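>>> fold the following, please.
(chains A and B)
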Amino acid sequence: MNITCPACGLLCDDVSLSTSPALSVRNGCAKSIRFFEQALNTSISATPLLAGKPASLEDAIIAAAKILSKSKQPLFAGLGTEVQGMRAVISLAKKSNATLDHLHSEGTVNNTRTMQNSGWLTTTLSEIKNRADVILAVGTDITGSHPRFFEKLAWSSDHLFDKPTPELIFLGAPVETAQANIAPDGRKPTVIPAETARLPEIINALNALLNGRKLNTEIVAGIPLQTLTALTEKLKAAKYAVIVWSASTLKIPHAELTIQSIVQLVSKLNESSRAAGLPLNSGDGDSSVNNVSTWLTGYPTRNRYQNGMPEYDTYHFSTQKQLTSCDAVMWISTFNPYDAPETSTPTIVIGHPDIKSGHSPDVFIPAGIPGVDHAGLMFRMDSSITLPLKKVRNSHLPSLNEIIAKIEAQLLSETTA
Amino acid sequence: MITLLKNGRIYDPAHHKNGVIEDIYIRDGRIVAKPAATEKIDQTFNLSGKIVMAGAIDMHSHIGGGKINIARMMLPEYQQKQAQELKNLSEPEAHICTPHCSHHATPSTTDTGFRYIEMGYTAAFEPAISPVNARQAHLEMGDTPMIDKGGYAMLGNDDYFLRLLAEKKDQKAINDYVAWILHATQAIGIKVVNPGGINAFKFNQRRLNLDENNVHYQVSPREILQSLSRAVHDLGIAKPLHVHCNNLGAAGNFATTLDTMSASSGLPMHLTHIQFHSYGTEGDKKFSSAAAQIAEALNKNKHITADVGQILFGQTVTASGDSMMQHLNAKHANPKKSVIMDIECDAGCGVLPFKYRDQNYVNALQWAIGLELFLSVEDPWRIFLTTDHPNGAPFTSYPHLIRLLMDKSFRNEAFAKLNLDAQAMSNLNSLDREYSLYEIAIMTRAGAGKLIGLHDRGHLGMGAAADITVYTDQPDREAMFAKPDYVFKNGELVVKNGSVVKVVWGVTHTAKPAFDRGVEKDLKDYFDRYQTMQMDNFKISNDEISSDGRGQVVTHQNDSK
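Okay, here's the model as predicted:
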């Protein structure tokens, strides 16, 4: 059957999947196959656990609602879900004054902050496929997180306008995997090695060069100045240059300032030619969660409800900070079996049937995997496209939004009782 | 169940009722004739001395979809400010605007629905759905309570259409594609933004005039307008082609606007937020009002309708599909930030915060130009009350805008406070017109319903949906329109004294003209080769809108030529 693959932000919907006699995924990348293998190996009738002991769904719902009803300030973390799951989560968060944080937001908030501080000029996948003639990847090999990126967007011979195969340039990316991105015609990428920690310096030098400044040095962070000058010339000469970065790989202090510098490169280039940025997403429904949160509460994550009113703070509402002050945790991870953070507060875990907790949470409710056990909707990494996920197997596992809606109903009946 | 609204003063321009005292009966959500004396009246509202109108319809308001969500995401400071202000209000009291109101320009979907219904608006139409992003637009509108929704799909900058035009495909091929887009995106109308210009920007063109060619396709905005207005007409779509002209915001752009009126060769066209397209180049600052020329042309060209896109002073954000002009104007953003996007060989967008200041020459004159247009266009059936929410001002400023139109002394007092140079360049003081309640009802109800083709909304005739707003007649029209006594949605009382008393979910209005399914053969090939999504996933089914039990798709009949 034709499906949409939720394994990464490319959300490939040209994939077809067959489960008999064995799993085969046409157009599936390694990441996609791994995702479906793992998903389809889970039990379709996994049962909830209360402190590690099997329980009925009804009892698990009651126990979860009890924890939330006693909590003044719960933390809903993880949030690995799609659109419909997040809609339910927000509704419950409003009724329980919860704080909301996504598992990948450590990186994502740096993109959000950049957008809020300076804005940016960005593009989407089909524009890249049809227009890009130079692709500069900063601090990422792209294919590690988004395996079919170049296959679909750079090396396809079908494009609307007469243009060459785009030149790929990797700056500060893992060298070996970056070098492996060789076009079908044998063209090798340009790889400029650099330490992630030195990227701020290098991007600032590029900005200086683009603005016509002279740098009184022959070498910047180990890179010959002439290499950087040549890079700026390529970007300027391009008809449609695309600069790609990944917030999750920029593990440096104040990464938002480096992203802002990347965005400034794009902005400067657009004074005379066309160029655009593309932030890679980090996965587990991050684009979906942020978009849904934004239209329902007015804010992306990290946010919370206080007395029914939404509040926003990318610093204080982080999982790490909230773990020290919250009085209950609800951990959600439906795509991958990521375990909840260690905490001594009452914990509810909802998600992938294979989540193995080091210590048994008070409540564990196995949920359907979106795009496997039930249909759903998901935002692609570029946010412009929302695609339907399909159900690919018969399953007894309830979807996250069904579980959350039941908890909300139970919570309501407890508070009114 | 029968509800009686007794002795209200009725303003129902669709039926030429101008303040007559009449009873209205409601049964099963519809307005019905007086029932037989034997039938039981379940509920009676005594409306003696009250003003009764159909629920208002906002025919152009950016309420859902990618760019408005970007605006929300990039401007958390607005919402924080509103949260502070709300602490001083007893929620959910309707917000009454003041001239310097700095309230929220980017409400969440929930707030959007609540704020509209609290003002007596029962429907709003998202005017800029980029087809690839339609699913998001409908998701957001689906999460907007209280009101009916609908949208216009943007064409004319998408590479598929421009290829058809460049290859000189016949009108039938264009018509089939336009109809297919309406079905696939669940829209009720077609819009074109900066015809050809958004696409040209991707080829590094920075401006595009009406008769200038897109460098790649070698087609002009005029040809795009001709082709699309013809398609809309041939398909029998009620809503005329919704046109955001080239050169938005540029001094001297009134000439483009005047030329655009002729581009459809007499077929109906709607020119949107025309205030932003009525600028001359006179005076020391080379920026002047061309409202008189535009109004004169509108009065003469009966095939053209327009909405104003009034600006009001304060902080807001401009969210537009016009990436070309928004990129050009990004230097004026306040606070200084902008999000510009090229989108999927389909569209673009540009989001810029804006602070309109009454002591700024250009802003003050923009304010005056909008009002000059309102007061100089003679036929209220062809001009509509909008602020291009949130681009000119948030929709919550409508009551204030209505007072400016209805109350000359209030208007002149406001004018007298403006930047003096701007005052010297406007004839607003000499315009004595004051809109009547009847004319307001035309602009915000009957005219809007008729324009979009909502046969059973915007009026109070037999069989109409009972979307009804009841006001107390007050000399302060801002106070009056900010806080209706009652609002009925499909016959149910949902607002009382400006507060929501019941949460309901409106429908989604669409138009689905017949077309040749054969169009999908070429489209499928196009999607497979050039797009990064499958054609089948591009299409939005009725189920997607109705499956959660709240939404519903209503399809309006077309009169295909």
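>>> at which residues are the helices of the stretch 451-561 of chain B located?
B:477-482, B:519-530, B:535-538, B:542-546 (DSSP state H, counting those that start in this stretch).
>>> next, format these as TSV and append mean pLDDT.
Listed next are the helices of the stretch 451-561 of chain B as TSV, based on pLDDT from 0 to 100:
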stretch	mean pLDDT
helix B:477-482	94
helix B:519-530	98
helix B:535-538	98
helix B:542-546	96
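>>> which of these is buried the deepest?
helix B:477-482 (a mean of 23; mean count of other CB atoms under 10 Å in any protein chain shown). (Each C-beta comes from the backbone N, C-alpha and C, glycine too.)
>>> elements contacting that one?
Judged by 3 or more CB pairs under 8 Å, 6 or more residues apart in numbering or on different chains; DSSP states H and E, the packing partners of helix B:477-482 are helix B:398-406, strand B:468-472.
>>> mind listing what's buried along stretch A:51-66?
For stretch A:51-66, a neighbour-count test (16 or more other CB atoms under 10 Å in any protein chain shown) marks A:A55, A:L57, A:A60, A:I61, A:I62, A:A63, A:A64, A:A65, A:K66 as buried.
>>> now for those residues: which two are most distant?
Within the buried residues of stretch A:51-66, A:L57 and A:K66 form the most distant pair, 14.8 Å apart (CB to CB).
>>> sorry, back to before: go through the helices and strands packed on helix B:477-482 and name the closest to chain A.
Comparison of these against chain A by CB to the nearest CB identifies helix B:398-406 as nearest, at 20.9 Å.
>>> next SSE after that closest one?
Using DSSP states H and E, the helix or strand that follows helix B:398-406 in sequence is helix B:408-416.
>>> the stretch 1-150 of chain B: helices as residue ranges?
Using DSSP H, counting those that start in this stretch, the helices of the stretch 1-150 of chain B run over B:66-74, B:76-86, B:109-118, B:134-142.
>>> show me where pLDDT drops low in the stretch 1-150 of chain B?
B:81-103 (pLDDT under 70).
>>> that one: strands as residue ranges?
B:2-12, B:17-27, B:30-32, B:43-46, B:50-54, B:56-58, B:121-129, B:148-154 (DSSP state E, counting those that start in this stretch).
>>> buried sites along the fourth one?
Within strand B:43-46, the residues that qualify as buried are B:F45, counting by 16+ other CB under 10 Å.
>>> who's in contact with that strand?
B:M1, B:I2, B:T3, B:L4, B:L5, B:K6, B:N7, B:V470, B:Y486 (CB atoms under 8 Å, 6 or more residues apart in numbering or on different chains).
>>> what is the burial count for the third one?
The one in question is B:T3. Using other CB atoms under 10 Å in any protein chain shown, the number of residues around B:T3 comes to 21.
>>> for it, list each beta-bridge partner.
Taking DSSP bridges as the rule, B:T3 bridges to B:I26, B:Q43.
>>> any chance of the helices of the stretch 1-150 of chain B in CSV, plus distance to chain A and mean neighbour count?
Formatted as CSV, those follow (distance: least, CB to the nearest CB, whole Å; neighbours: other CB atoms under 10 Å in any protein chain shown):
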stretch, distance to chain A, mean neighbour count
helix B:66-74, 5, 27
helix B:76-86, 4, 17
helix B:109-118, 5, 25
helix B:134-142, 4, 26
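>>> for those, which one sits closest to B:Y356?
Of all the helices of the stretch 1-150 of chain B, it is helix B:76-86 that lies closest to B:Y356, at 14.6 Å by CB to CB.
>>> list the contacts of residue 51.
Just going to use chain A. A:S360, A:P361, A:D362.
>>> um, chain B though
By CB under 8 Å, 6+ apart, the contact list for B:I51 reads B:G8, B:R9, B:Y11, B:L437, B:V470, B:Y471, B:T472, B:D473, B:M480.
>>> now the closest residue to B:L235 other than its chain neighbours: how far from A:L103?
Distances taken as CB to CB, 6 or more residues apart in numbering or on different chains place B:P513 nearest to B:L235, at 4.0 Å, with adjacent residues excluded. For B:P513, the distance to A:L103 equals 46 Å [CB to CB, to the nearest Å].
>>> so what's B:L405 closest to, chain neighbours aside?
Distances taken as CB to CB, 6+ apart put B:Y435 closest to B:L405, at 4.3 Å, once the chain neighbours are dropped.
>>> give me the neighbour count for B:I383.
Residues near B:I383, counting by other CB under 10 Å: 25.
>>> now swap in B:D559 and tell me
Taking other CB under 10 Å as the criterion, the count of residues near B:D559 is 10.
>>> what about stretch B:246-254, how long is it end to end?
Taking CA to CA, to the nearest Å, the first and last residues of stretch B:246-254 lie 10 Å apart.
>>> hmm, who's touching that stretch?
B:194-197, B:207-210, B:221, B:245, B:256, B:260, B:273, B:276-281, B:286-288, B:290, B:293-294, B:320, B:322, B:325, B:329.
>>> residues in contact with whatever residue of the stretch 301-417 of chain A ends up closest to chain B?
Residue nearest to chain B within the stretch 301-417 of chain A: A:T386 (4.2 Å; CB to the nearest CB). The contact partners of A:T386, taken as CB under 8 Å, 6+ apart, are A:V83, A:S288, A:L377, A:M378, A:F379, A:R380, B:N133, B:R135, B:Q136, B:L139.
>>> for the stretch 101-250 of chain A, what lies in contact range of chain B?
With CB under 8 Å from any CB of the partner chain as the criterion, the stretch 101-250 of chain A comes near chain B at residues A:112, A:115-127, A:129-131, A:152-153, A:158-161, A:239-240.
>>> how about the strands of the stretch 1-150 of chain B in a markdown table, adding distance to B:Q171?
Formatted as a markdown table, the strands of the stretch 1-150 of chain B follow (distance: least, CB to CB, whole Å):
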| stretch | distance to B:Q171 |
| --- | --- |
| strand B:2-12 | 39 |
| strand B:17-27 | 41 |
| strand B:30-32 | 39 |
| strand B:43-46 | 52 |
| strand B:50-54 | 37 |
| strand B:56-58 | 31 |
| strand B:121-129 | 24 |
| strand B:148-154 | 19 |
